[in-house]
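# Could you work out the structure for the sequence below:
(2 chains)
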Number of protein chains: 2
Amino acid sequence: MAVSFSPILHLPHSLPSLPALKSSRTKISATGSLSSSSSSASQMDLHNQGRQKFIEFPFVSAPHRDLMVNLVSTVEDRLGSHLLPCTLPLDVQHCQNESGSAQASLHIRSGLQSSQVDFILGSWLHCKLPTGGALNITSLSTYLNPSTDAPNFMIELIQSSPTSLVLILDLPPRKDLALSPDYLQTFYESTQLDTHRQMLMKLPEVQPYVSSSLYLRSVLSPTVVLIQIGAEEGGPERTEEIIKNHLHPTAQEVLGIWLDHCACGERLVGEEEKAYMMKRDKLIKKKTIEIDLGTNFPRLFGPELTDRVLGAIQKVYSI
Amino acid sequence: MAVSFSPILHLPHSLPSLPALKSSRTKISATGSLSSSSSSASQMDLHNQGRQKFIEFPFVSAPHRDLMVNLVSTVEDRLGSHLLPCTLPLDVQHCQNESGSAQASLHIRSGLQSSQVDFILGSWLHCKLPTGGALNITSLSTYLNPSTDAPNFMIELIQSSPTSLVLILDLPPRKDLALSPDYLQTFYESTQLDTHRQMLMKLPEVQPYVSSSLYLRSVLSPTVVLIQIGAEEGGPERTEEIIKNHLHPTAQEVLGIWLDHCACGERLVGEEEKAYMMKRDKLIKKKTIEIDLGTNFPRLFGPELTDRVLGAIQKVYSI
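Okay, here's the model as predicted:
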């Protein structure tokens, strides 16, 4: 099965600065299907209910879930005070198709006006495959606003069987790198980002992965971790071991670099550069949604739900 | 041994439109060492002497030589009437170190004012390795000028042993692809460039190759053929077979796409876009030389010769 490169949906977390969300790291059990009417729910209830479903990552293995929960918690701990709650309608935060064979969770939190964060967006998607197996995609992406030109962050794990996994982990640049060697030096060379890719490539189960979308290949950095793990011989145990011992620490390191150097660093951006970057950011968001939601989502969830989810994302994306 | 990504030198060909160069496809034997004094030689003599040495590709296998000669001849046949002769001093067109363990040939032809071609540049480099083997690099690059924004063309073959070869084959874009989906569609998607990369990747001896330079990774297109061929099992015969039956036809196809769609197509380029592109083109040329000549060349040929070659290239590059 061809998997789309980017998360079909993406989703985030809690507001650790608010008492109601102190338990952000506590695993919360599923609450069953969520009501599609959210008119009576307060903003914080909306946020808490959606986050609870999101942070469960109910269909993936324990090491896969630990990886995602850890990344989400790390972002919440460092950036929580800069973020608004998720105010997506509940039926967009969590949706499933009529037969129940596909479910998705989407969690988006915009940054405060005063913050460098534009929004963070997490997701998971689960769908049963005709073969009897299941496809599970989990993702976390963080976008900065035009007050800085520092790179964004993204991770996506696409698991199409218990022994087959694709990982995309990157700080996608917000400038044309061919014209920005200083930027390349600051964010990619000095931070030694490529060493993480190199380490993972040494594992015998790891192969490079190539996205079928040329556009998506074009927006990734030269240090992107874009790999396929095929652990047929070692079985699901070996796959989980690789996630726990290799992918998890690598993802943590890369997110740490992003938090220290990108989200929390200060950059001077000239007016001309800013105009160029805003155009670029907007186009990338627009194209990414087209590619993500244009392929599998309508087939899985039907046109009506797709339109609703698309509308909600476009609102946050300001496109 | 670490090999630099791009040709340490690059070099070109004949003027098929002039009678003296009618024999451009005839293989010419080496003429021995060339005089370092070129003051008395006419421009055409300079061109012919240098080209003769260049087109020999004297240190590589027959299939490797055939591939390079064929590409150079194809470019000459299609673009010869748009090109000026190579006027580099003879001691820059061909040079060798004191011990004779390293030789290089460089051939550059600028485009006529009326042409879309900025210049074409071919090269070979040969140096003996301490292990007893030799490193051979051959390359051909073609650059368009700002009257068009169409991609450039480049091929480079780096052979570090009779069974180990790196191929870089690309149409490097001249725009920021993340902001130019139409451009991506025109030159990379509609032309089905990626199918060539996909075909080569199916060979069991082929592995993806990753350049150590993040900058160079950043200037390549998403359809770049960047591969390493390791044919230890099949020996040198299998390597030559791969060059003849796979690399040669692929390189011909990609060059054909470049000639039809890029060198000979017409494009409207707005003033603002043109200013951006000129800045980008210039920086890429500057950085590429730094990376190419900054590493191995001074070690092989000494600082004086390096400065002379660098000066000659910078003049053509207008940087």
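# Test my guess that residue A:168 contacts residue A:224.
Yes: contact criterion Cβ atoms under 8 Å: residue A:168 and residue A:224 qualify, at 7.0 Å. In this view, the C-beta of every residue, glycine as well, is placed from N, C-alpha and C.
# tell me the contacts of residue A:177?
Counting by Cβ atoms under 8 Å, 6 or more residues apart in numbering or on different chains, residue A:177 makes contact with A:183, A:184, A:221, A:222, B:215, B:218, B:219.
# For the last one, grab phi and psi.
In other words, residue B:219. With angles defined as degrees, to the nearest 10, residue B:219 sits at phi -100, psi 0.
# For the longest helix along chain A, which helices and strands make contact with it?
For chain A, the longest helix by residue count, based on DSSP state H, is helix A:271-317. Contacts defined by 3 or more Cβ pairs under 8 Å, 6 or more residues apart in numbering or on different chains; DSSP states H and E place helix A:271-317 against helix A:90-93, strand A:94-96, strand A:102-110, strand A:117-128, helix A:214-219.
# Dump these to CSV, plus distance to residue A:248, mean pLDDT and mean neighbour count.
Compiled in CSV, these are given as follows (distance: least, Cβ to Cβ, whole Å; pLDDT from 0 to 100; neighbours: other Cβ atoms under 10 Å in any protein chain shown):
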stretch, distance to residue A:248, mean pLDDT, mean neighbour count
helix A:90-93, 26, 92, 22
strand A:94-96, 25, 93, 23
strand A:102-110, 20, 95, 26
strand A:117-128, 16, 95, 24
helix A:214-219, 24, 96, 22
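# Would you format the ones you listed as CSV with distance to chain B included?
As requested, the helices and strands packed on helix A:271-317 are exported to CSV (distance: least, Cβ to the nearest Cβ, whole Å):
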stretch, distance to chain B
helix A:90-93, 27
strand A:94-96, 29
strand A:102-110, 22
strand A:117-128, 17
helix A:214-219, 4
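# which one of the contacts of residue A:177 is nearest residue A:210?
Nearest to residue A:210, judged by Cβ to Cβ, of the contacts of residue A:177 is residue A:222 at 14.5 Å.
# any chance you could map the helices in chain A?
A:43-56, A:62-79, A:90-93, A:181-184, A:194-201, A:214-219, A:235-242, A:248-257, A:271-317.
# Would you mark the buried spots in the first one?
Counting neighbours by 16 or more other Cβ atoms under 10 Å in any protein chain shown, one finds that the buried residues in helix A:43-56 are A:46, A:47, A:48, A:49, A:50, A:51, A:52, A:53, A:54, A:55, A:56.
# With stretch A:199-217 instead?
Buried, per 16+ other Cβ under 10 Å, within stretch A:199-217: A:200, A:205, A:206, A:209, A:210, A:211, A:213, A:214, A:215, A:216, A:217.
# is it true that residue A:203 touches residue A:245?
No: using Cβ under 8 Å, residue A:203 is not in contact with residue A:245; the gap is 9.7 Å.
# will you turn the helices and strands packed on helix A:271-317 into CSV that also has distance to residue B:285?
Listed next are these as CSV, based on distance: least, Cβ to Cβ, whole Å:
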stretch, distance to residue B:285
helix A:90-93, 49
strand A:94-96, 51
strand A:102-110, 42
strand A:117-128, 35
helix A:214-219, 21
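# quick one, what contacts the spatially closest residue to residue A:147 that is not a sequence neighbour?
Sequence neighbours aside, residue A:116 is the residue nearest to residue A:147 in space, at 5.4 Å (criterion: Cβ to Cβ, 6 or more residues apart in numbering or on different chains). Residues in contact with residue A:116 (Cβ under 8 Å, 6+ apart) are A:82, A:144, A:145, A:147, A:148, A:150, A:263, A:264.
# let's go with 6 Å and repeat that
By Cβ atoms under 6 Å, 6 or more residues apart in numbering or on different chains, residue A:116 lies in contact with A:144, A:147, A:148.
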